[in-house]
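[1] Any chance you can model this:
(chains A and B)
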Amino acid sequence: MFALPILKTARLKKVSLAFAAVLLSLSSVSVNAADPVKVGFVYVGPVGDHGWTYRHDIGRQALEAKFGDKVKTTFVESVPEGADAERVIRKLASDGHDLIFTTSFGYMNPTNKVAKQFPNVKFEHATGYKRADNVSTYSARFYEGRAVIGTMAGMMTKSNIAGYIASFPIPEVVRGINAFTIAMRKVNPDAEVRVVWVNSWYDPGKESDAAKTLIDQGADIITQHTDSPAPLQAAQERGVVGFGQASDVAAFAPDAQLTAIIDDWNQYYIDRTQAVIDGTWESQDVWHGIDSGMVGFADYNASVPDDVKAAADVIKEGIIDGSFHPFQGPINNQAGEEILAEGEVLDDGVLLGMDYYVEGVQGSLPK
Amino acid sequence: MSPESNMFVMIALTIISAATPLVYAAIGELVVEKSGVLNLGVEGMMLAGAVSGFAVAHVSGSAMLGVLAGVFAGMLLALIFAFLTLGLRASQVATGLALTIFGIGLSALMGQALIGIAYEGIPSLNIPYLSDIPVLGPLLFQHDLLVYGSFALVIAVSYFLKYTRAGLIVRAIGDSPEAAHALGYPVLRVRYLATLFGGACAGLSGCYLSMAYAPMWVESMSAGRGWIALALVVFATWQPGRLLFGAYLFGGITILQLHAQAIGINVPSQLMSMLPYVATIIVLVLISRDRGRIRKNAPASIGQAFHPTK
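    Model prediction:
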C-alpha cells in the first residue's frame, strides 16, 4: 500500500531535481575571461539554401577558422520571423552568448526586445534600422553589384531585353531592379528590363518557370533577386546567360553564369568578434559595399569579352573610389520625367525607401 | 516556325512541366483517399523522394535508379504512416501532419552533402522525325519519360477504380470498411497497399522536381506543392480525369500569370498563389450543396480508423 506513494515522491524529487538543474544551467550567464567568446547566429532559412543564409553561415565558419579555440559559435537555422525568433534569441542570450547576429529583417523587434533584457550581450541585426547601446545594424549595398552586372548585361544583350526574377516588392529589391536598369541603359539606351514577381524568396520550381517565361518573351539575360540557382539553370538549358545571386552558382550553370554577386560577411563577422574580444565593441550602423568587400563577385565566365570585363571593372573601381554612384542623375521615372538632375546623387534615405521604378523597367510595381 | 506558334509551344511546355509533379502527387493521394485513408504527409513524402532520387541519380549516374530510389523513399515514409494509423490506429490527420514535418527535416538532413551539386536532369525523348515536326513535335514527342508516365498513370488509375474488381474493393473499403470486412475483404491490407501506392506516387513527384523540373537539391524545394496536390484531389471530387484537368489548370494559371507579368499586365501574384485553394473551397461549397454528388465520389469513411474486431 505504501509502495506507491513512496515511488511517487521519489519520482517527484527526481523531476524537481532535473528542473532545478535546467534552471541552474539557464542562469549561468557569467563568462570568465579565459572562456571562449560565444557567438550566436539566428538564420531565417536553412544553411543549405545556397543563397542568403548559406553565405551568413560561410561567415560563421570563417569566424571559427580565424579564431579557433578563442571563439565558440552556435547557429539556429530556419527560425520564423516573429514570436519564435524572440524565444530563440532569448535562449541564445541566456545561454551565455556574448555576441548574437540576427540575420533577417523580420528579427528587428525581437532582437531589440531581448537586447533590453540582456544589456551585457551584444547584438548585431542585419538589414534593420532600430539600434540601441547594445544593438548594431549592418547591411550590404548590393545595388552596387547590380550596377556592375547591369553594365555587363547592357553590353552583352542582343535582344535588348533582360529578365529580372524578383521576390517581394520591398525597397531592397526595387533598388536592385532600378540600379540594374539604370546601369544597363547607360551603355544600351534601347534596353528594357522585364520583371516577374514570384512572391517567394525561395521556390526553385517557380523561379525556374519565371526564368523560362522571361526567356520565352525574348530575354537573353536573366538576373534575379531570389535565392535558388534554378533561374540560371533554366538559362543554361535554354542557351541564354545571366548572373548568380548571393553565391557562386557556376556549378549549376557553367556557361550561363557570366559572374555572380556574392554576399561576403566574413570580414565583418571577424571584425565585430575581434571588437568583443578587445572590449572595443560599440553600437554602430554600417552599410558597406564593394569597397569593404562585403559585396563581392565570382570570377568572370571565360565567354565574357574583354571590353565587357573592362567596363565592369571601371564601374567597380568607380564605386570604390567614389567617382561613380549607381544612382547618379539624370534619372527618369517610368513616365520619362526627370526625377534626378544631372550631377546629383540619391541619398541613402531615398534609397532605403525606394518605391518606384525608373525608366526602362516594364510593367508597374505591385503595391 | 512562326514566332507566335513558337511562343505557344514554349508556354505549353512550361505548363506541362509545372503540372506533372502535381499530377503524380495527387493521383497517388486520390487512391489513398479512395481506400478511406487521409494522408496529409504528401509534402514530406515528396521531399523524401526528391532527395533520394537526386542522391542516387547523382552517385550512380543513372536516372532510372534515381527514380526507383525516390519511389522507394516515398513508400518508406508511407509505410511509417500506415503502421501508425492502420496498425496502431493513431489519428490520421495528426500523423499526416507529423509526416510532412518529419519529411522536411529528414530530407534536409539527408541532403546536406548534395547542396551545390549540379545534375544534368532526366534526358528528354528524341524520336527521329517525329520530334522534329513543327509545333506537334515539341508538344508531343520531346518530353522526358516521367511526363508520359503521368498520363499513363492517370488512365491506369481511372481504369483500375472504375472497371476492375480490385478497384471496386478499394472503393468499397473506402465507403464502408465494416461492410467490406463482413464480406471477407482484408480492409487493413488493402489500405496498407493504397497508402504505399500513394507514397510511391509522391516519391515519383519529388523525383520529377529534383531531377527534371529544377534539377538540383535544395531544402524544402517542393515549396507547398504537396498541399496543392491534396487540394487538387478534393477539387477533382476524387475523379482521375478531373484531377488531370485540375493539375493542368493550376499549372497553367501559374505559368500564364508569369507571362502576364513579363508582358507588363499587372496581376497580383499573391492572388494567383492562393487560387488553387480558393478553387478548392469553391468546389467544396458546390459539392456540399448536393449531397448526392458527395456520396457518389467521396469516400464515406475517409480519415476514420478501422479495427476488424470492433
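
[2] For the stretch 51-200 of chain B, which residues are neighbours of chain A?
    Taking Cβ under 8 Å from any Cβ of the partner chain as the criterion, the neighbours of chain A within the stretch 51-200 of chain B are B:108, B:111-112, B:115-118, B:121. The C-beta positions use only the backbone N, C-alpha and C, and glycine is treated the same way.

[3] which residues in the stretch 51-200 of chain B form strands?
    For the stretch 51-200 of chain B, no strands turn up when DSSP state E, counting those that start in this stretch is the criterion.

[4] where does it dip in pLDDT?
    Applying pLDDT under 70 to the stretch 51-200 of chain B flags no residue at all.

[5] longest helix in chain B, by residue count?
    With secondary structure taken from DSSP state H, chain B has its longest helix at helix B:3-34.

[6] Wondering if it reaches chain A at all.
    Yes. Using Cβ under 8 Å from any Cβ, a contact is recorded between helix B:3-34 and chain A, made by B:7, B:10-11, B:14, B:17-18, B:21.

[7] how far away is the residue nearest the centre of chain A from chain B?
    Centre of chain A computed as the mean C-alpha position; nearest residue by Cα atoms, centre = their mean is residue A:52, 5.0 Å away. Counting by Cβ to the nearest Cβ, to the nearest Å, the separation of residue A:52 from chain B is 12 Å.

[8] pLDDT score assigned to that residue?
    Among the per-residue scores, residue A:52 holds a pLDDT of 86.

[9] So it is in contact with residue A:265, correct?
    No. At 10.3 Å, residue A:52 and residue A:265 do not qualify as touching, with contact defined as Cβ atoms under 8 Å.

[10] Return the residues in contact with residue 233.
    In the absence of a named chain, chain A is used. With contact set as Cβ atoms under 8 Å, 6 or more residues apart in numbering or on different chains, residue A:233 has these partners: A:208, A:252-253, A:256, B:118, B:214-216.

[11] my bad, chain B
    With contacts taken as Cβ under 8 Å, 6+ apart, residue B:233 has the following neighbours: B:26, B:29-30, B:33, B:243.

[12] pLDDT of the longest helix of chain B, averaged?
    Averaging pLDDT along helix B:3-34 gives 89.

[13] Could you do stretch A:197-206 as well?
    Summarised as a single mean, pLDDT over stretch A:197-206 is 84.

[14] what does that stretch contact?
    Counting contacts by Cβ under 8 Å, 6+ apart, the residues touching stretch A:197-206 from outside are A:45, A:49, A:51-52, A:165-169, A:207, A:210, A:226-230, A:366, B:18, B:21, B:209, B:213-214, B:216, B:218, B:220-223, B:225, B:254, B:258, B:261, B:269-270, B:273.

[15] If we use 6 Å, what do you get?
    Stretch A:197-206 is contacted by residues A:166-167, A:207, A:210, A:226-228, A:230, A:366, B:213-214, B:218, B:221, B:223, B:269-270, B:273 when judged by Cβ atoms under 6 Å, 6 or more residues apart in numbering or on different chains.

[16] again, but for stretch A:120-137
    Contacts to stretch A:120-137, defined as Cβ under 6 Å, 6+ apart, come from residues A:93, A:99-103, A:105, A:108, A:111-112, A:115, A:119, A:138-139, A:276, A:281, A:283-285.

[17] quick one on the thing from earlier: separate out the buried members of the contacts of residue B:233.
    Among the contacts of residue B:233, those that count as buried by neighbour count (16 or more other Cβ atoms under 10 Å in any protein chain shown) are B:26, B:29-30, B:33, B:243.

[18] hang on, residue A:152 packs against residue A:310?
    No. Under the contact definition of Cβ atoms under 6 Å, residue A:152 does not touch residue A:310, with a separation of 10.7 Å.

[19] Return the per-residue confidence for residue 244.
    Unless you meant another one, I'm taking chain A. In this prediction, residue A:244 carries a pLDDT score of 90.

[20] Chain B was what I was after
    With respect to pLDDT, residue B:244 scores 95.

[21] which residues does it contact?
    Residues in contact with residue B:244 (Cβ under 6 Å, 6+ apart) are residue B:154.

[22] Now find how far off-centre the helix or strand encompassing it is within its chain.
    Of the helices and strands defined by DSSP states H and E, residue B:244 is found in helix B:240-263. Here helix B:240-263 is found 15 Å from its chain centre; the criterion is Cα atoms, centre = their mean, to the nearest Å.

[23] what's downstream of that helix, the next helix or strand?
    Per DSSP H and E, the first helix or strand lying C-terminal to helix B:240-263 is helix B:269-288.
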